[in-house]
Each structure stands twice: as structure tokens, then as C-alpha cells.
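In: what's the 3D shape of this:
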Amino acid sequence: MKKILLLLVISLSTVACLDKTPTMEETVMHNATNTLKEYSHHPETSKVDNFETKYINDSLCIMHCNHTGKNGFGNEITSKVEYIYLIHNNVAYESVNNVDGTTIYQDQNAMETAKKGTIYQNCSYDDAIRYRAVYKINTQGRRVDKQDELINIPVPTRTGNWSLGTYTDSFGDDTNEHFLFLVGKGTFSNTATTNSELSATLSIDTNSISIRLFEYNSMLAKDDDICKIKVKYPNGVTSDWVIQNNYSGRISLSNKQRQEFKEMAKEEGEISFSISKGRYTFSSYKFKFDLTGYNEALKHLE
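Out: The predicted structure follows:
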């Protein structure tokens, strides 16, 4: 009888321990709190509350919450934040988005409007939510346990990290002309900084291909320097270009360079760039784009 009772106690203890496994929502709240504290100017003042689960399944959770803390001037402010948590191949990823009128999460009615003219236009509601969340993580997110790497989680459209944009006319109205858009990551150095964060964008339409560089992920690099560019394609082939930059911040490829790029891009995979310029002050930029999904994305321009 004592043995039976002992086994019963052990069994109940085991069940109690299993019950302590955190739920998806508990994990997300914990990670969001730690990540927002990490991003704070004054971590000791960071406070996260008013969590609201907007979307959840077994691999994706989108929460909105309030984050309060002191900014760089020492003033306490409260902001609304969207936190995205995604599990892919047993690896956790995250991204933080300030709620300023545009959010990754959309209810079904808002989504019908949001996805018009996009690369995910024909997706179901759940696939559209996943596309938006994965795209955000791929371009602006990170692994929870590892920060410095390109991320390429598959999207329902099989178009990788590519998105579709629409040109507007002089009145701000959409035209029938579209372009593909890709975000890459890297670093830049000049006389004031070394290996600081860089975002790069690649735009492709039927007539042009251009690159723009954003120092510190936000400041568009604009000058009229000549850019000396080294390119390494996914198949290992390298090429050297010389391109005149301009004050619009666009580095536009020539006809010959465009044809070369389009042919090589069919291989998909990672393409690396190394750019140096220095008529007045020396600057160097190193970054990569993940071309996965290029061939499928290209169909949206046809």
C-alpha cells in the first residue's frame, strides 16, 4: 500500500512539473519584456504591460503591448509596440514594430484592403498574416539566440524576401507599373565610424535596377562620388563595376550590368557587394542580398 501511495505521489509530482511548461503566450510575453528592455536607452526604467494577443497559432504569435521607459533625453515615454514571435525548424525568431497606424497584424476586413496590389494578394487570410510576419522578421528581425545573420524563412508565396511595389504618378495615385524590392544587411565604415550597421535596398523593374544604402539603417547615403563595386554572385563568379552615384541616393546599373545581374540572379542564393568611394572622404560598404525566390517574384512584373 505504501508503494502504491509513493508511486501516486511521484506521478502527481511529474504531472505538476509538466504543467509548469510555459505556454506560447507566456514565452512571448517573457521574450518581449527582455527584448524591449535590451532596446531601451535606460533599461532599468523599462516596463512592459497591457499585453494583447492579436494572432496566435502553434508557430506564430503577434502581440501588442505598452512599453514605458526613459528616452535618450531622460524623459519617460510610453509607446505602443507590436512584438512578433515565430518558430521555424525549432528555432525562435523575433521582431519589434512600433504601432504607428501600420501594423503587421490586420483583421480580415483590413487585410482585404492591405493585400491589394501586393505579392501576397492571392493568399488566404492566415497565409497573408504569415507572409507579413515572416517578411518583417526576414528583413528587420533576428534570431532570439543569435543576432548577426541573414534570415530567410520561407513565405507562402515562394518569393523569398522579395516584395512588390507600385509606382505613383505626380498626383500620388498608383499606376500600372510595378517594381520588385529587396532588403539586405551589412556594415559600413568611414572616417567617423567602423563596421556600423547598414541596410541596403535593391529595386528592379522592367527597365532599371538600382541600389540604395542606408547608414545606421536609416540615413540614406547621397553624394556624387564614383562607386567602385565588387560583386560576388551566388555561383561564386565575381565582377567589377564602376558606377557614378548621384544625389538621389540611387546607384543605377548600366544596361550591360543589368543584363549580367539578371542572368546571374536566376541562380538565386546570396549575392555579396563591396563598394568603396572617396573623392572627398573615403567610405566603404559591405552587404548581402538573399535572392531566394527571384524567379517566382519576377513573374509579378510580367
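
In: what sits against the residue most central in space within the chain?
Out: For the chain, the residue nearest the mean C-alpha position is T139 (1.6 Å; C-alpha atoms, centre = their mean). Counting by C-beta atoms under 8 Å, 6 or more residues apart in numbering, T139 touches N161, V183. Every residue, glycine included, has its C-beta placed from N, CA and C.

In: what strand or helix carries it?
Out: Under the criterion of DSSP states H and E, T139 resides in helix 125-140.

In: buried stuff in that helix?
Out: Within helix 125-140, the residues scored as buried using 16 or more other C-beta atoms under 10 Å are 128-140.

In: okay, now the domains of this structure?
Out: 28-143, 163-301 (automatic domain parsing).

In: now the nearest residue to D225 once chain neighbours are set aside: how far from V48?
Out: What sits nearest to D225 in space, not counting adjacent residues and going by C-beta to C-beta, 6 or more residues apart in numbering, is K277, at 3.9 Å. Separation of K277 from V48 (C-beta to C-beta, to the nearest Å): 42 Å.

In: do the same with R279
Out: On the measure of C-beta to C-beta, R279 and V48 end up 47 Å apart.

In: who has more neighbours, those two?
Out: Shown here are R279 and V48; by other C-beta atoms under 10 Å, V48 has more neighbours (20 against 10).

In: quick check: closest non-adjacent residue to that one.
Out: Distances taken as C-beta to C-beta, 6+ apart put T33 closest to V48, at 4.6 Å, once the chain neighbours are dropped.

In: show me what the helix or strand hosting the one you found is packed against.
Out: With secondary structure defined by DSSP H and E, T33 is part of helix 24-39. Judged by 3 or more C-beta pairs under 8 Å, 6 or more residues apart in numbering; DSSP states H and E, helix 24-39 is in contact with strand 47-56, strand 60-70, strand 76-88, strand 91-98.

In: okay, these in TSV with mean pLDDT next?
Out: TSV is the format used below for these (pLDDT from 0 to 100):
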stretch	mean pLDDT
strand 47-56	96
strand 60-70	95
strand 76-88	95
strand 91-98	93
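
In: in JSON lines: these, plus distance to G236.
Out: Below are the helices and strands packed on helix 24-39 laid out as JSON lines (distance: least, C-beta to C-beta, whole Å):
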{"stretch": "strand 47-56", "distance to G236": "41"}
{"stretch": "strand 60-70", "distance to G236": "35"}
{"stretch": "strand 76-88", "distance to G236": "28"}
{"stretch": "strand 91-98", "distance to G236": "27"}
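
In: nearest to E296, out of those strands?
Out: Taking C-beta to C-beta, strand 76-88 is the member of these nearest to E296, at 19.1 Å.

In: and the closest one with helix 24-39, angle?
Out: 130 degrees (axes from the mean of the first three to the mean of the last three C-alpha atoms, to 10 degrees).
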